[in-house]
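Student: no FASTA, just this:
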């Protein structure tokens, strides 16, 4: 194995690209163990230093995971999801070609705490509907969603099979409540016990947390959500323009 | 203490609002220990159950932190930063009224690995400038930034005092390289050892990770960054419109 002699590519980079290609091409499937350092040294005819550097780079790119004592494994790649329009989970997964399903955890009527009340424009203690679901992509739990709805519409929504029917679709198409826009608040947090259990990860795993308040006509808040995405399985992508007058 | 009799607000919500008010008003400053459960029961004349529910809600809102065995403390509030335009750290902190400073970790020339090369549109192994800084707001380390620049401009930028001069400003105003837009990729990860040490947090703390590739005129990539924000200190906010034809 060698780099291009005109513009010599370091050997570790060539090896890195070959292994990445093997992962993309299915030679090294998700969850499988990579060949050992010794195997890679022999197979590609490179030094152990080169193999280690390639492995290290693949690890920092998130393609593989080094588990102490057990070996190096091909990780489940993150889903890259656009964050450019107000969309629901089913729409997002459909756009990416992933099968979206849901598991209903519970739906209950409770008194709005200060934050829920503020987001929905209600008095603290007003009764609201809370719906909790695990959202899955291709059968893997991706997100725990906590949805708060004003009671009147919440009672109607809760009558539907929420493992099948998306709430956005019910609001818009069944109950004629158009969604206009939403405010998103994005955080990185650690999984607490209940979220961890629902997502089948360990407590303390990274969670990409989104709070989203969706508004209908006239700026009326109609849906307040707390979405807890598995940090190791999701990446959000957006494109932002430079402000017109820099430095102002 | 009692709720409004016309629309009875639960006592825990009233207490929650009072404590939140005390935090906002400075009666309970950041870092201070809250009064004990017993003290709160006595002071507000409510039951222990009510106190516990209020404390639990304040904790889930991130206003306080329950530390096993030591008590309940008022947490440093997160900085809420808009994610709506391409802006640099100094611009962001200026807009929020926070004093932005920087500590230079290192600046070195190295060979672009596969990802750096891809983002900057270079051949793998091409030499690039890497600049690493800790960014601080009001003296607290908020983010570890790893900036990769093409070598020609990177060499010039690296001559400046990067603890004082923002790189965006140097590119735009000193070297006449206008920034037009950037692609952002957002993830929640756990702090690795080096990032944790630079931010003075424990390894495994939550990190809001941003990869950002900024483009100049003609879509030419000029700056590729890996930003590691302290998850407990930052929240990003954006507003997205509903797509025009739902369900398409």
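Tutor: Okay, I see it. These numbers come from a predicted model, not from an experiment. Numbering: from 1, shown residues only, chains lettered A, B, ... in the order given.

Student: domain parsing for chain A?
Tutor: Domain segmentation of chain A under automatic domain parsing yields A:11-74, A:79-237.

Student: I'd like the ones you listed laid out as CSV, including mean neighbour count and distance to residue B:136.
Tutor: Just so you know, the C-beta spots here come from the backbone N, C-alpha and C atoms, and that holds for glycine as well. Compiled in CSV, these are given as follows (neighbours: other C-beta atoms under 10 Å in any protein chain shown; distance: least, C-beta to C-beta, whole Å):
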stretch, mean neighbour count, distance to residue B:136
domain A:11-74, 16, 25
domain A:79-237, 18, 19
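
Student: Turn those domains into CSV, including mean pLDDT.
Tutor: Shown next, in CSV, are the domains of chain A (pLDDT from 0 to 100):
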stretch, mean pLDDT
domain A:11-74, 89
domain A:79-237, 96
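
Student: Mind putting the ones you listed into JSON lines with distance to residue B:214?
Tutor: As requested, the domains of chain A are arranged in JSON lines below (distance: least, C-beta to C-beta, whole Å):
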{"stretch": "domain A:11-74", "distance to residue B:214": "20"}
{"stretch": "domain A:79-237", "distance to residue B:214": "15"}
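
Student: Out of those, which gets nearest to residue B:28?
Tutor: domain A:79-237 (15.9 Å; C-beta to C-beta).

Student: quick one: terminal-to-terminal distance for the closest one?
Tutor: Start-to-end span of domain A:79-237 (C-alpha to C-alpha, to the nearest Å) is 10 Å.

Student: Check the offset of it from the chain's centre.
Tutor: 12 Å (C-alpha atoms, centre = their mean, to the nearest Å).

Student: same thing with stretch A:50-68?
Tutor: That offset, for stretch A:50-68, works out to 22 Å (C-alpha atoms, centre = their mean).

Student: Show the subsequent helix or strand relative to the lengthiest helix in chain A.
Tutor: Identified as the longest helix of chain A according to DSSP state H is helix A:11-25. Beyond helix A:11-25 in the direction of the C-terminus, DSSP states H and E gives the next helix or strand as helix A:37-44.

Student: who's in contact with that next one?
Tutor: For helix A:37-44, the external contacting residues (C-beta atoms under 8 Å, 6 or more residues apart in numbering or on different chains) are A:1, A:15, A:18-19, A:34-35, A:46-48, A:51-52, A:54-55.

Student: just the strands in chain A please.
Tutor: With strands called from DSSP state E, chain A shows them at A:64-67, A:71-74, A:79-82, A:100-111, A:127-137, A:140-150, A:181-190, A:206-215, A:221-230, A:234-241.

Student: Centroid-nearest residue for chain A?
Tutor: What sits nearest the mean C-alpha location of chain A, by C-alpha atoms, centre = their mean, is residue A:234, with 3.1 Å.

Student: hang on, the earlier thing: save the strands of chain A as CSV, and put in distance to residue B:137 too.
Tutor: Below are those laid out as CSV (distance: least, C-beta to C-beta, whole Å):
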stretch, distance to residue B:137
strand A:64-67, 33
strand A:71-74, 38
strand A:79-82, 29
strand A:100-111, 36
strand A:127-137, 34
strand A:140-150, 30
strand A:181-190, 17
strand A:206-215, 21
strand A:221-230, 26
strand A:234-241, 21
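
Student: Which one, of these, ends up nearest to residue B:166?
Tutor: Across those, closest to residue B:166 is strand A:234-241 (C-beta to C-beta), at 17.1 Å.

Student: quick check, the closest one touching chain B?
Tutor: Yes: applying C-beta under 8 Å from any C-beta of the partner chain, one finds strand A:234-241 in contact with chain B at A:234-241.

Student: What is that strand packed up against?
Tutor: Packing contacts for strand A:234-241, counted by 3 or more C-beta pairs under 8 Å, 6 or more residues apart in numbering or on different chains; DSSP states H and E, involve strand A:79-82, strand B:181-190.

Student: Tell me which of those lies nearest to residue B:123.
Tutor: Judged by C-beta to C-beta, the one of the helices and strands packed on strand A:234-241 that comes nearest to residue B:123 is strand B:181-190, at 20.6 Å.

Student: Surely residue A:22 and residue A:32 touch.
Tutor: No: the pair formed by residue A:22 and residue A:32 falls short of the contact definition of C-beta atoms under 8 Å, at 10.2 Å.

Student: now residue A:119, nearest residue through space, not along the chain?
Tutor: residue A:224 (4.1 Å; C-beta to C-beta, 6 or more residues apart in numbering or on different chains).

Student: pretty sure that neighbour is touching residue A:154, no?
Tutor: No: counting by C-beta under 8 Å, residue A:224 stays clear of residue A:154, with 10.9 Å between them.

Student: shared neighbours, the two?
Tutor: residue A:148.

Student: rewinding a little: of the residues of strand A:234-241 next to chain B, just say which sits nearest to residue B:94.
Tutor: Set against residue B:94, the nearest of those by C-beta to C-beta is residue A:240 (17.6 Å).

Student: Beta-bridge partners for that closest one, please?
Tutor: residue B:182 (DSSP bridges).

Student: who's in contact with it?
Tutor: B:83-86, B:181-182, B:184.

Student: Closest one to residue A:216 out of the residues you listed, please.
Tutor: Taking the contacts of residue A:240 together and measuring to residue A:216 by C-beta to C-beta, the closest member is residue B:84, at 21.7 Å.

Student: any bit of stretch A:49-65 sitting next to chain B?
Tutor: Yes: judged by C-beta under 8 Å from any C-beta, stretch A:49-65 and chain B are in contact via A:57, A:61.

Student: roughly how far is that stretch from the heart of the chain?
Tutor: On the basis of C-alpha atoms, centre = their mean, stretch A:49-65 sits 23 Å off its chain's mean C-alpha point.

Student: Hmm, residue A:202 is touching residue A:192, no?
Tutor: No: counting by C-beta under 8 Å, residue A:202 sits too far from residue A:192 to count as a contact (11.4 Å).

Student: circling back: what would the helices and strands packed on strand A:234-241 look like in JSON lines with distance to residue A:118?
Tutor: Putting the helices and strands packed on strand A:234-241 into JSON lines (distance: least, C-beta to C-beta, whole Å) gives the following:
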{"stretch": "strand A:79-82", "distance to residue A:118": "27"}
{"stretch": "strand B:181-190", "distance to residue A:118": "24"}
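
Student: for stretch A:169-177, how far is the first residue from the last?
Tutor: 10 Å.

Student: quick one: is that stretch near chain B?
Tutor: Yes: counting by C-beta under 8 Å from any C-beta, contacts between stretch A:169-177 and chain B involve A:169, A:172-173.

Student: Perfect, I'm done here.
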